[in-house]
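> Next come a sequence and a model predicted from it.
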Amino acid sequence: MLAARRLTWARVRSAAAVLGRHGQSLPQAPRLHNNAACALHTGSKTAWQKANTVDDFRLSQPTIAAANLLRDQKMLQVRWENGSVDSYPYIWLRDNCQCPKCYHPVSLARRVLLKDLDLSVNCVDIKLSNTGEEVEMLWTDGHQGTYDAHWLHERAFRGPKPAPHDREFRLKQQLWGREMQDKLPRISFPDIIHDDHSLLNFLESLEVMGVVLVSDVPCEIDQIYSFAKRIGHLRPTHYGETFNVYSRMDPNNLAYTGDSLDMHTDLPCLATKPEIQMLHVIKQFIGEGGDTMITDGFHAASKFKKNNPEYFDTLANTLIEFVDVGVDDGIKFHVCSKAPIIDVDIDGSIRNVNWHQMSRDSRFEVSSPEAAAKWYAASLAFRDMLYDPDNLVKLKLQSGDMIVFDNLRVMHGRQGYRADQGERWLQGGYLEWDSVRSLRRVLRKNINT
């Protein structure tokens with residue numbers, strides 16, 4: 001077998017070993033979706049649900065027609081059978097040699113030391129082998145590297161382009177508004193726990209839609225732990241690994257009352273805000289009140305940017321102080337952080353919404369009282385966008401339901417209820433996107449192979 005193919009199988013075995021740690025292996029002939037376990041908008045599936053699980057260019061293996069050394073430029077030039085041409089710097093090729101001496105086949109870590117890399121590295125000779133499926137290169141340091149054609153083709157320097165790695169990195173989000181009132185993804189808790197296909201459906205739905213409703217959860221405390229263990233590790237905060245939401249005599253958080261809760265994302269007072277939230281309804285309040293409201297903050301912010309770019313910039317460029325002070329389980333806490341209401345990435349895309357009226361401090365960094373007044377005008381205009389009926393989904397979660405959502409993106413609130421007339425008890429916890437995406441890649445790779 002080719003070196004690169006040996007590496008591919010090593011990666012598959014490594015991925016399988018990781019999956020094994022989650023307690024279940026995949027069947028020999030897996031189906032892509034388990035429709036009985038996951039009703040995912042069957043009437044109008046999105047592109048990610050229809051996508052072929054094997055990349056198109058993998059079906060037609062790229063073959064090298066000719067390879068030449070551009071010695072003056074220190075480049076390897078490859079001409080493919082379809083006539084296209086790509087070039088690869090010597091230094092990049094030497095740094096990324098995939099042989100076992102240079103790249104550990106189990107840990108998938110580069111063994112070449114940075115101190116040993118030299119820009120003056122040169123190639124002495126090249127040779128095509130296996131009818132153009134790989135090219136062998138002899139380097140001036142005496143090392144011989146073999147580069148697989150498909151591996152080179154995947155990594156060609158052609159500028160920004162959709163690539164398989166982009167799809168592995170993260171799935172494309174589907175923004176939504178009120179139209180999702182009766183279409184939110186819903187998956188059974190037992191299926192997620194016992195079936196890897198349902199688990200993969202859950203992970204992909206969460207990443208694309210930002211929210212999934214999980215049904216049939218036992219109405220017992222600490223089911224959060226069983227659920228989280230299936231995916232990764234709980235993210236602790238100053239409220240502990242998990243937290244219980246019910247009315248208390250001495251609440252250290254407004255959630256622990258029967259009050260209405262404004263739309264919000266949790267804990268922007270932390271320098272690193274929890275990324276995924278789970279809320280398990282152990283007991284729902286019987287009667288009027290206690291309903292949950294959610295909105296896609298990215299959808300609202302995108303519309304806000306289009307309709308009012310000046311106010312959008314105000315919210316994106318003004319740092320707000322968030323603070324949370326109190327005592328939990330006998331331990332005092334005082335956490336605070338600064339963040340803009342709308343956090344924008346370097347490419348202009350929205351990566352985080354920090355909206356938490358309850359913990360927003362009275363101090364914030366503006367240059368004048370006029371700037372402060374402008375921030376309030378922008379903030380209240382954004383509020384109106386969030387509460388626009390076209391952007392809101394309202395639901396009364398039932399006992400045994402769990403709602404899981406992206407805390408960077410999806411905002412949630414609560415209708416007030418009479419705590420003196422009945423009990424409402426939710427248990428919550430947090431996960432991180434790294435764990436979710438890691439498991440999603442492992443499961444998807446196993447299904448593809």
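That came in fine, so what should we check first?

> now the helices for the stretch 201-350 of the chain?
Listed in chain order, the helices of the stretch 201-350 of the chain (DSSP state H, counting those that start in this stretch) span 223-231, 297-307, 309-317.

> now, of those, which is deepest in the fold?
Comparing the helices of the stretch 201-350 of the chain by mean neighbour count (mean count of other C-beta atoms under 10 Å), helix 297-307 ranks first with a mean of 20. (C-beta placed from N, C-alpha, C; glycine too.)

> Against which helices or strands is that helix packed?
helix 309-317, strand 350-353, helix 369-386 (3 or more C-beta pairs under 8 Å, 6 or more residues apart in numbering; DSSP states H and E).

> Next, the closest residue to Asp328 other than its chain neighbours: phi, psi?
Nearest non-adjacent residue to Asp328, counting by C-beta to C-beta, 6 or more residues apart in numbering: Tyr239, 5.4 Å away. For Tyr239, the backbone dihedrals (degrees, to the nearest 10) come out as phi -100, psi 0.

> again with the one 10 residues further on
Dihedral angles phi and psi of Met249 (degrees, to the nearest 10) take the values phi -70, psi -30.

> Can you give me the neighbour number for it?
5 (other C-beta atoms under 10 Å).

> Next up, the contacts around it.
For Met249, no residue meets the contact criterion (C-beta atoms under 8 Å, 6 or more residues apart in numbering).

> Pretty sure Glu179 sits in a helix.
Yes: using DSSP: H, G, I helix; E, B strand; the rest coil, the secondary structure at Glu179 is a helix.

> Just the pLDDT for it.
What the model reports for Glu179 is a pLDDT of 96.

> So it versus Gln173, what's the distance?
15 Å (C-beta to C-beta, to the nearest Å).

> got it, and Ile403?
Ile403 is 18 Å from Gln173, by C-beta to C-beta.

> again with Ala377
Separation of Ala377 from Gln173 (C-beta to C-beta) stands at 29 Å.

> So between the two, which is more surrounded?
For Ala377 versus Gln173, neighbours defined as other C-beta under 10 Å are more numerous around Gln173 (18 against 14).

> what number of residues lie near the spatially closest residue to that one that is not a sequence neighbour?
Excluding the flanking residues, the one nearest Gln173 by C-beta to C-beta, 6+ apart is Val208, at 6.1 Å. Using other C-beta under 10 Å, Val208 has 19 neighbouring residues.

> And for Asp141?
Asp141 has 11 nearby residues by other C-beta under 10 Å.

> Just give the nearest non-adjacent residue to it, would you?
Asp141 sits nearest to Val121 (C-beta to C-beta, 6+ apart), 6.9 Å away.

> That neighbour: neighbour count?
So Val121, with other C-beta under 10 Å, has 18 neighbours.

> tell me the contacts of it?
Lys74, Tyr90, Ile91, Arg94, Trp139, Thr140, Asp141.

> domains for this structure, by residue range?
Under the assignment automatic domain parsing, the domains of the chain span 57-161, 178-440.

> Pick the most deeply packed of those domains.
Of all these, domain 178-440 carries the top mean neighbour count, a mean of 18, counting by mean count of other C-beta under 10 Å.

> And that one, end to end?
28 Å (C-alpha to C-alpha, to the nearest Å).

> cool, and stretch 269-285?
Stretch 269-285 end-to-end distance (C-alpha to C-alpha) = 29 Å.

> Please compute how far that stretch lies from its chain's middle.
Counting by C-alpha atoms, centre = their mean, to the nearest Å, stretch 269-285 is centred 16 Å from the centre of its parent chain.

> Average pLDDT for that stretch, rounded please.
Computed over stretch 269-285, the mean pLDDT rounds to 97.

> ok so, going back, so which of the domains of the chain gets nearest Glu168?
domain 178-440 (8.6 Å; C-beta to C-beta).

> what about the closest one, distance to the chain center?
15 Å.

> Check stretch 173-189 too.
A distance of 17 Å separates the centroid of the chain from that of stretch 173-189, by C-alpha atoms, centre = their mean.

> Please apply the same query to stretch 433-449.
Centroid separation between stretch 433-449 and its chain, computed with C-alpha atoms, centre = their mean, is 11 Å.

> Stretch 69-77 now?
In this view, stretch 69-77 has its centroid 39 Å away from the chain centroid, taken as C-alpha atoms, centre = their mean.

> So which of the domains of the chain is nearest Asn448?
Closest approach to Asn448 among those (C-beta to C-beta): domain 57-161, 9.6 Å.
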